[in-house]
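Visitor: Predicted structure and sequence below. I'll ask about it afterward.
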Amino acid sequence: MRTEGDTMARSGRLRRVRVDSRLIIGATLVIGSVVGVVALVGALDSSVLVYSATRPLSVGDRIGSGDLAVADVRLGSLESGYVRAEELPAAGSVVLRPVDAGELIPLASLGSPDGLDVAAVVVQTEAALPRDVRPGGVVDVWSAAALDLGAYGPPKVLAPDATVVRTIEGSGSAVAAAVELLVARDDLAAVLAAIANADAVSLVPEGVALEESS
């Protein structure tokens, strides 16, 4: 038979248990919040060492140690897309797409020479080069076919996305210039034919929209 004293004692124990449970839950929430904040701050503060280019790199350039500088940056989820400092490019690696000076070097921009599908060609322009035509830049090669009596046909694109290797100021004209380009092998025959036919060749920097004549 339970006495009044037993009932009061049991009630007191239940109250103590409830108080202890609240303390435990509260402490758990506080600890969880602290751990989350620490993890977040650590993630925001994390940085990695990757390579950047010390000079403009053109398609076909072979990579040497002098072309690389180490940069300490925060990339987050993009980290895997760049060349890490501890992953020096393999000997003989070449540039597969242009990289500007100071730009972080994407993994996809380097590879084996076997991955190149371009050929070098020098074209002569009849007009002054646009300001944005410079080594490492990307241009579209346009041509107007030479006709009789010094006339020319409508212009058309011969080779899109050609890479400028170097420019050579023409000696026979105040405005003409010779430009060495890397063009896709599929476009090489058309470019060589335009050169052989003395067609009017122009270079249009990437991002400048022109309407092609039909």
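Guide: Now that the structure is in, tell me what you want to look at. Numbers count the residues shown, from 1 in each chain.
Visitor: Which pLDDT value does the model give Val37?
Guide: The predicted local confidence for Val37 comes out at a pLDDT of 51.
Visitor: And for Ala127?
Guide: Model confidence at Ala127, expressed as pLDDT, equals 77.
Visitor: Next, count neighbours for it.
Guide: For Ala127, the number of neighbouring residues by other Cβ atoms under 10 Å comes to 13. Where you see a C-beta, it was placed from the backbone N, CA and C, and this is true even at glycine.
Visitor: Can we start the residue count at 55 from this point?
Guide: Happy to do that; since the first residue is 55 now, the last one works out to Ala181.
Visitor: close enough to count as contact, it and Ser256?
Guide: Yes - shown here, Ala181 and Ser256 form a contact pair, counting by Cβ atoms under 8 Å, at 6.7 Å.
Visitor: What ranges does the chain have for its strands?
Guide: Read by DSSP state E, the chain holds these strands, from start to end of the chain: 102-107, 122-127, 148-149, 164-165, 172-179, 192-200, 206-223, 231-238, 254-259.
Visitor: would TSV of those with mean neighbour count be doable?
Guide: As requested, those are exported to TSV (neighbours: other Cβ atoms under 10 Å):
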stretch	mean neighbour count
strand 102-107	19
strand 122-127	14
strand 148-149	22
strand 164-165	18
strand 172-179	18
strand 192-200	20
strand 206-223	17
strand 231-238	19
strand 254-259	19
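Visitor: I'd like to know which of the ones you listed is closest to Leu158.
Guide: Counting by Cβ to Cβ, Leu158 lies closest to strand 102-107 out of these; the figure is 5.2 Å.
Visitor: pLDDT (mean, whole number) over that closest one?
Guide: Taken as a whole, strand 102-107 carries a mean pLDDT of 90.
Visitor: Now do that strand and strand 122-127, the angle between them.
Guide: 140 degrees (axes from the mean of the first three to the mean of the last three Cα atoms, to 10 degrees).
Visitor: now for strand 102-107, which elements pack on it?
Guide: Counting contacts by 3 or more Cβ pairs under 8 Å, 6 or more residues apart in numbering; DSSP states H and E, the secondary-structure elements packed against strand 102-107 are strand 122-127.
Visitor: helices or strands next to the strand it packs on in the packing?
Guide: For strand 122-127, the contact count by 3+ Cβ pairs under 8 Å, 6+ apart identifies strand 102-107 as packing neighbours.
Visitor: Mind listing residues that contact the strand it packs on?
Guide: Applying Cβ atoms under 8 Å, 6 or more residues apart in numbering, the external contacts of strand 102-107 come out as 121-129, 133, 136-140, 143, 153-159.
Visitor: Against Ser134, how distant is the closest residue to Glu133 other than its chain neighbours?
Guide: The shortest distance from Glu133 to any residue other than its chain neighbours is 5.5 Å, reached at Val102 (Cβ to Cβ, 6 or more residues apart in numbering). Per Cβ to Cβ, to the nearest Å, Val102 is found 10 Å from Ser134.
Visitor: Then Leu201?
Guide: From Leu201 to Ser134 the distance is 54 Å (Cβ to Cβ).
Visitor: what's the weakest-modelled helix or strand in the protein?
Guide: Of all helical and strand segments in the chain, the minimum by mean pLDDT, DSSP states H and E falls on helix 58-99, at a mean of 55.
Visitor: Many thanks, I have nothing further to ask.
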